[in-house]
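predicted model and sequence follow; I will ask about them next.
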Amino acid sequence: MSKDDKNNNMNMDDNDDKKQKSDEICYLCKRPESIAGKMVKIPNNIHICADCMQKAFDIMNSGDNPYMNMIGIPPAVFGINPLQNPTDMKAKSQDATAHSAAEIKEEFDYKKIPSPHIIKAKLDEYVIGQDYAKKVISVAVYNHYKRISSSAPADIEIEKSNMLMIGPTGCGKTYLVKTLAKLLDVPLAITDATSLTEAGYIGDDVESVISKLLMAAGNDVEKAERGIVFIDEIDKIAKKRNTNSRDVSGESVQQGLLKLLEGSNVEVPVGASSKNAMVPMKNINTENILFICGGAFPDLDKIIKARLNKNSSIGFQADLKDKYDNDVNLLQKVTLDDLREYGMIPEFLGRLPIIFALEGLTKEMMVKVLIEPRNAILKQYQGLLAMDEVDLSFEPEALEAIAEKALEKKTGARALRAILEEIMLDIMYEIPKDDNIGRVIITKNFIEGNGGPIIELRGSTRQKNIASGNH
């Protein structure tokens, strides 16, 4: 063979090698690009032909995925069989969806909800007094979850048990609802009506109430649709009187809440309080959501008193005009006419069929609030000092003095915490200085600012004085 022939053969081999290198191989079917067509390149220098890519998509869409079978998920879970026609597949999918919804509904069977007497007994552990209010709430909640359970009668349409709580500040309205939601383990959204305005104005739309509930349910629509919404300060959306400006936060908000209370499909933003183009939206049906409204309704007692005093006149059998001045439970005599005169529209009140008032706290109830609940304020301080190996106790007269001071502030049970913070400041500051202190006794004189607490040292009857401020 001549030298030229050898060079020609070497050039042909080089061209074949270059062609083979440029001809990519499909990772699945092992065909070269010259036969299978143009390849799709994915990371790690992997090439897949169009035919194999289409087969992969077909397997994924049909549910007959070997990787699903490998981890134990059969295609029947999804209600899809690749051998069925599209009509059968659609019917199978609808049956699977209905079956799944039935299973979700069975989780809320009313037999799994505590009975009213059990709910009230749990509320008694946290809220002092208010026996009538706790009984009403227990029955209303129990009936509501019977209404939305799978065992509800199909031929009877049971109305919702929305509630309106009326009571002075600090009597336990919000705490009752918080304890109830914790007991039932359902999503709870607490919002103030003061921030709600008519659509188009600065403030929160009424749909933001449902958006907060969806957030509390972890963006789970089915869970949110069985939750509880507590709208506090509901008295702040009463109709404004003697005003020439548009009432964007009063009657218009009541009108906007009507559809939520009765039950409708609402489109709410996910993870935000306002609607905009950048936030995804979800549809929520409010028909099975329990709404509880609460408010202090200041000056409502004057409307009730004026109605009750209409019979007052001159004579031996006449009612005195000051007969109800010292009645702490005057709000329990409220009627729908009183609430309408206060500024609540009839349509709004008609969607809150259960209306009840809470009792005003007395001195005896204040003392019980200090010592009886699971999270009683005195128990909290005793637990804090126990970490320093110090025993804290209160004389009975000291507890009554604290309750009397709280009643003077007229802010309900909230005043107890403020008073104790002031009283215990010097004690909590001085005790960690001395490891010899073993016991602290709070006296009535210390509460009234006429002396100090009794301090007992460990292993001794000697007492030590702690500087105290004016209380």
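Looks like it came in fine. Residues are numbered from 1 along each chain as shown.

check what pLDDT V136 gets.
For V136, the pLDDT comes out at 93.

that one sits in which helix or strand?
helix 131-147 (DSSP states H and E).

by contact count, what packs against that helix?
Packing contacts for helix 131-147, counted by 3 or more CB pairs under 8 Å, 6 or more residues apart in numbering; DSSP states H and E, involve helix 116-124, strand 163-166, helix 173-184, strand 354-357. For glycine as for every other residue, the C-beta is placed from the backbone atoms N, C-alpha and C.

show me which positions of that helix end up buried.
With burial defined by 16 or more other CB atoms under 10 Å, the residues of helix 131-147 counted as buried are 133-147.

the strands in this protein, which residues?
39-42, 46-49, 163-166, 188-192, 228-232, 265-269, 281-285, 290-295, 354-357, 391-394, 437-442, 454-457 (DSSP state E).

residues making contact with the fifth one?
Pointing back at strand 228-232 there. With contact meaning CB atoms under 8 Å, 6 or more residues apart in numbering, strand 228-232 is reached by 173-174, 177, 180-181, 184, 186-193, 209-210, 212-213, 257, 289-295.

now it against helix 173-184, angle please.
Strand 228-232 and helix 173-184 are oriented at 170 degrees to each other (axes from the mean of the first three to the mean of the last three CA atoms, to 10 degrees).

and strand 228-232, what's buried?
228-232.

one step back: then the helix holding V136 to CSV, C-alphas only?
Taking C-alpha atoms only, helix 131-147 is exported to CSV below (Å, rounded to 0.1, in the frame of the first residue of the first chain):
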residue,chain,number,x,y,z
ASP,A,131,-72.3,29.6,84.3
TYR,A,132,-75.2,30.6,82.1
ALA,A,133,-72.8,31.9,79.3
LYS,A,134,-70.7,28.7,79.5
LYS,A,135,-73.9,26.6,79.3
VAL,A,136,-75.2,28.5,76.2
ILE,A,137,-71.8,28.3,74.4
SER,A,138,-71.5,24.5,75.2
VAL,A,139,-74.9,23.7,73.8
ALA,A,140,-74.6,26.0,70.7
VAL,A,141,-71.2,24.6,69.7
TYR,A,142,-72.3,21.0,70.2
ASN,A,143,-75.4,21.6,68.1
HIS,A,144,-73.3,23.3,65.4
TYR,A,145,-70.9,20.4,65.0
LYS,A,146,-73.9,18.0,64.9
ARG,A,147,-75.2,20.1,62.1
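
what stretches of the stretch 201-350 of the chain score poorly on pLDDT?
For the stretch 201-350 of the chain, applying pLDDT under 70 flags the ranges 202-203, 242-247, 271-278, 311-328.

just the helices in it please.
Under the criterion DSSP state H, counting those that start in this stretch, the stretch 201-350 of the chain contains helices at 208-216, 221-224, 251-262, 300-308, 336-342, 346-350.

how about the third one: buried residues?
Translated: helix 251-262. Buried residues in helix 251-262 (16+ other CB under 10 Å): 251-254, 256-257, 260-262.

that one to strand 265-269, inter-axis angle?
Going by the same axes, to 10 degrees, helix 251-262 makes 110 degrees with strand 265-269.
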